[in-house]
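Test case, fold it:
(one chain, ligands or ions: 2)
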Amino acid sequence: MCAIVGIFNSKEASRVAYYSLFAMQHRGQEATGISVSNGEILRKIKKKGLVTEVFDEDALKYLKGNSAVGHNRYSTAGSKSVLDAQPIHASYKLGEISVVHNGNLINKDEVRQQLIDEGAIFQSQMDTENIIHLIARSHEEHLRDRVIEALNIIKGAYCLLIQSRHKLFAIRDKYGVRPLSLGQLEDGGYIVSSETCAFDLVGAKFIRDVRPGEMIVFDNEKKGYESIQLFEPTPRICAFEFIYFARPDSVIAGKSVYVVRQEMGKAMAREHKIDADLVIPVPDSGVSAAMGYAHESGIPFEMGIVRNHYVGRTFIEPTQARRDMKVKLKLSPINAILKGKKIVVVDDSIVRGTTSKRIIRILKEAGAKEVHMCITSPVIKHPCKYGIDTPSYEELIGAKMSVEEIREYIKADSLSFLSINSLKKSIGEDMEYSLVSFDGNYFIK
Ligand code: 5GP
Ligand code: MG
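Ligands and ions are numbered 1, 2, ... in the order given. Next up is the predicted model:
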């Protein structure tokens, strides 16, 4: 969850950050913020709401400067305070800093307690605030060394952007769990963002991904950028970025998210051959995989369900009753093409089972004869601790029920999941992935 963007040495830094955040709205809709530096002071605006709601022309004019960091926050239950929006900013001995973070620190409670014991006071519930405190309390003379010291204390999955008046640091943890890419803007400036779809919108040229364990330093007084490999890289990109989270037009580790999703659909069609009349996706997240399934199986593809785009993602409402309502608001069937048909429905994942259950009910009500649910990821059996908002064991249907029990619960005629092996093959066997949701291997210790 969450999107981050950093712009350096560009005339309209805040505007470029704004467009980038707009392109990455899917990664978080709860709150958004931008901090800019004009070389003298940092100015910032952060608020609850969507990018287009929070920023207007006046806001962008106020945010004048040639470096910017921005953030879209993903909603999680119980932390709706605007104090939990980013960037987080502080004045400290060396001046000012603003920090944005995507990911999840696993030792946040220990570090926070330690800081509190030493007298620190906290403004928010965010793990990101730990980083600011660690930087502020360090005795190192230069910000760079203070940042490195802090990075040696925090543990977990993180992509971080740290802005001072004259510098910008971009850091990716040694596992590279969350994506982070580097690009060049048309005016010669640089952009670092969670997803490459932001580059396409602002006309930036992709340079490369930030490497796992790498820190890139941009400095007003130096040309280009400096790369420091802080930690030995042991890449494990989150498979869920490919399955669900990233936008299909993004490229992660050289792999097109769209193409990977199609491969997942194709693998599904090979693993689970179903005699059916139609393949339909659960829009939007199931579309690329459903096309892959249709392609491989030869079964015709139809958009049998339409989506109302004015409703946010189902997870935005944290209570179960309101989530049920949201699925209804969001998806409705096309009776004319579904009546009397045997249907394969493709979706990317089952978390609580709410969406699948509802979809099958509306398809049956629309007259479908059989509904075969194909999920193009393995069964989610474990909560992710590295930055995807999957719920606890109690709420994860895959942790509580067998596949047959889930099938019965969602009332499907059949239910298939992709195997872990096919998932890995679909993304590419050239590297390792974070598969914690599926195999429970919490590799960050
Ligand atoms: P369920 O209804 O089973 O709880 O959730 C499954 C649906 O939620 C799928 O359609 C999937 O695309 C979507 N989904 C899966 N993971 C996430 C997530 O982390 N955040 C949000 N907003 N949706 C998710
Ligand atoms: Mg979905």
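
Near ligand 1, which residues of the stretch 301-445 of the chain are found?
Within the stretch 301-445 of the chain, the residues that sit near ligand 1 (Cβ under 6 Å from any ligand atom) are 313-315, 347-356, 388-389. No exception for glycine: its C-beta is placed from N, CA and C like everyone else's.

Find the nearest non-adjacent residue to the residue of the stretch 101-250 of the chain at minimum distance from ligand 1, please.
Nearest residue of the stretch 101-250 of the chain to ligand 1, counting by Cβ to the nearest ligand atom: residue 244, 4.8 Å away. Computed as Cβ to Cβ, 6 or more residues apart in numbering, the closest residue to residue 244 that is not its neighbour in sequence is residue 348, at 4.7 Å.

That neighbour contacts residue 283, correct?
No: when contacts are counted by Cβ atoms under 8 Å, residue 348 is not listed as touching residue 283 (11.0 Å).

what about residue 58, which helix or strand?
Residue 58 is part of helix 57-62 when elements are defined by DSSP states H and E.

what's the answer for residue 69, then?
strand 67-73.

Repeat that for residue 208.
Short version, using DSSP H and E: residue 208 is in strand 205-209.

can you check residue 306 too?
Counting by DSSP H and E, residue 306 is found in strand 305-307.

out of residue 348 and residue 283, which sits in the more crowded spot?
Taking other Cβ atoms under 10 Å, residue 348 and residue 283 do not tie; residue 348 has more neighbours (25 against 18).

all strands of the stretch 151-300 of the chain, in order?
156-163, 167-172, 181-184, 190-193, 205-209, 214-219, 226-229, 237-238, 251-252, 255-256, 278-281 (DSSP state E, counting those that start in this stretch).

which of those strands sits most buried?
Most buried of the strands of the stretch 151-300 of the chain, by mean neighbour count (mean count of other Cβ atoms under 10 Å): strand 190-193, with a mean of 28.

Determine how far it lies from the middle of the whole chain.
With Cα atoms, centre = their mean, to the nearest Å as the basis, strand 190-193 stands 16 Å off its chain's centre.

Mind checking the pLDDT average for it?
Mean per-residue pLDDT for strand 190-193: 98.

The closest residue to residue 190 other than its chain neighbours: what's it in contact with?
Counting by Cβ to Cβ, 6+ apart, residue 8 is the residue found nearest to residue 190 once chain neighbours are left out, at 4.6 Å. Going by Cβ atoms under 8 Å, 6 or more residues apart in numbering, residue 8 touches 66, 67, 168, 189, 190, 191, 192, 218, 225.

need the contact list for the third one.
In other words, residue 168. 6, 8, 67, 69, 161, 162, 192, 217, 218.

out of the residues you listed, what pair is the most spread apart?
69 and 217 (14.1 Å; Cβ to Cβ).

quick one, phi/psi of the residue nearest to residue 190?
Per-residue torsions, residue 8: phi -130, psi 130 (degrees, to the nearest 10).

Give me the number of neighbouring residues for the residue of the stretch 1-150 of the chain with the smallest separation from ligand 1.
Going by Cβ to the nearest ligand atom, ligand 1 is nearest to residue 1 of the stretch 1-150 of the chain, at 6.9 Å. Burial of residue 1, expressed as a neighbour count using other Cβ under 10 Å, amounts to 20.

circling back to that earlier point, tilt between the next helix or strand after the strand holding residue 69 and strand 67-73?
Next along the chain after strand 67-73, taking DSSP H and E as the criterion, comes strand 88-92. Put simply, strand 88-92 runs at 130 degrees to strand 67-73, going by axes from the mean of the first three to the mean of the last three Cα atoms, to 10 degrees.

How about the helix or strand following strand 88-92 and ligand 1, touching?
Counting by DSSP H and E, the next helix or strand C-terminal to strand 88-92 is strand 95-105. No: figure legend: strand 95-105 not in contact with ligand 1 (Cβ under 6 Å from any ligand atom); closest approach 12.7 Å.

Strand 95-105 pairs with which strands, and in what direction?
The pairing partners recorded for strand 95-105 under DSSP bridges are strand 88-92 (antiparallel), strand 156-163 (antiparallel).

Now it: buried residues?
Buried residues in strand 95-105, counting neighbours by 16 or more other Cβ atoms under 10 Å, are found at 96, 97, 98, 99, 100, 101, 102, 103, 104, 105.

and the third one, what pLDDT?
The score at residue 98 is 98. That number is its pLDDT.

begin at 26 from here
Let's use 26 as the start, then, which means that last one is residue 123.

For it, which non-adjacent residue is spatially closest?
residue 60 (3.6 Å).

Confirm that the one you found sits in a strand.
Yes: secondary structure assignment places residue 60 in a strand (DSSP: H, G, I helix; E, B strand; the rest coil).

Would you confirm that it contacts residue 87?
No: judged on Cβ under 8 Å, residue 60 makes no contact with residue 87 at a distance of 11.8 Å.

any common contacting residues for the two?
Common neighbours of residue 60 and residue 87 are listed as residue 68 (criterion: Cβ under 8 Å, 6+ apart).

so where's this structure uncertain?
Counting by pLDDT under 70, the ranges of the chain that qualify are 100-105, 337-352.
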